[in-house]
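Enquirer: sequence? don't have it. structure:
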């Protein structure tokens, strides 16, 4: 990806990317997935349910879902209509019920009730593609296999001129080539959260954005020092998500 005025390997562009990452890290030193979960299995199910839904919406239904069917084996045997009733608020509930019950069967029968720690294996589960697999591997297991790219992360990456691609997998590959592997999971979370609360789709909060000076798409001048903007953004994000269960 060529930024504003250079190749991706140009010293100025490398320095800009490093500065972008540094500011995002300062803003969110300990980024987290906003889905509530107590185990890799719960995160896998929650991430499947999060498609075309919000994390807040998913967090409202998963406590009852896991209370009634706490293990993959029990969910695999659950009557699908009953599961549909519980997860209906997340939308597309028939397809999602089919996916999570199917994933439960595979995890139970093929993997002994344990979520596999492998990208290829995860992507064979019903309802799971690279994005979901990256969330589970990175967040539940600490494995930096890639970045979870959703609409928020895609939007931020494009506005920062880190990519011109539209396909999430191609965006992921491009970003992974630009940043160290050790930061992939954390950076993915930071991009998602930044897009969710600051770099909004319709009315981005450019004046409040801590990376305003590094963004070629900024629509207004920044207010205050960037560290002050970063702390304010972090406070907003933390206030928006108060986990109902322990974070990981």
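Expert: Cool, the structure landed. Fair warning: this is a prediction, and the values are worked out from it, not measured in the lab.
Enquirer: I'd say residue 96 and residue 50 touch.
Expert: No: between residue 96 and residue 50 there is no contact under C-beta atoms under 8 Å: 9.6 Å. For every residue, glycine as well, the C-beta is placed using N, CA and C.
Enquirer: which neighbours do those two share?
Expert: residue 90 (C-beta atoms under 8 Å, 6 or more residues apart in numbering).
Enquirer: Give me the buried stretch members for the longest helix seen in the chain, please.
Expert: In the chain, taking DSSP state H as the definition, the longest helix is helix 93-111. By neighbour count on 16 or more other C-beta atoms under 10 Å, the buried set for helix 93-111 is 93, 96-97, 99-108, 111.
Enquirer: for stretch 140-153, same thing?
Expert: Buried, per 16+ other C-beta under 10 Å, within stretch 140-153: 140, 141, 143, 144, 145, 146, 147, 148, 149, 150, 152, 153.
Enquirer: What is the nearest of the residues you listed to residue 196?
Expert: residue 152 (5.0 Å; C-beta to C-beta).
Enquirer: what element comes up after the helix or strand hosting the closest one heading to the C-terminus?
Expert: In the assignment (DSSP states H and E), residue 152 maps to helix 151-159. Downstream of helix 151-159, the next assigned helix or strand under DSSP H and E is helix 168-178.
Enquirer: Spell out the residue ranges of the strands in this structure.
Expert: Using DSSP state E, the chain contains no strands.
Enquirer: pLDDT below threshold where in it?
Expert: 1-8, 241-248 (pLDDT under 70).
Enquirer: Let's see that with 50 instead.
Expert: Counting by pLDDT under 50, the low-confidence segments of the chain come to 1-5, 244-248.
Enquirer: thinking again about what came up before, and the helix holding residue 152, how far out from the chain middle?
Expert: How far helix 151-159 lies from its chain's middle: 12 Å, per C-alpha atoms, centre = their mean, to the nearest Å.
Enquirer: so what secondary structure elements neighbour that helix?
Expert: With contacts taken as 3 or more C-beta pairs under 8 Å, 6 or more residues apart in numbering; DSSP states H and E, helix 151-159 sits against helix 168-178, helix 184-197.
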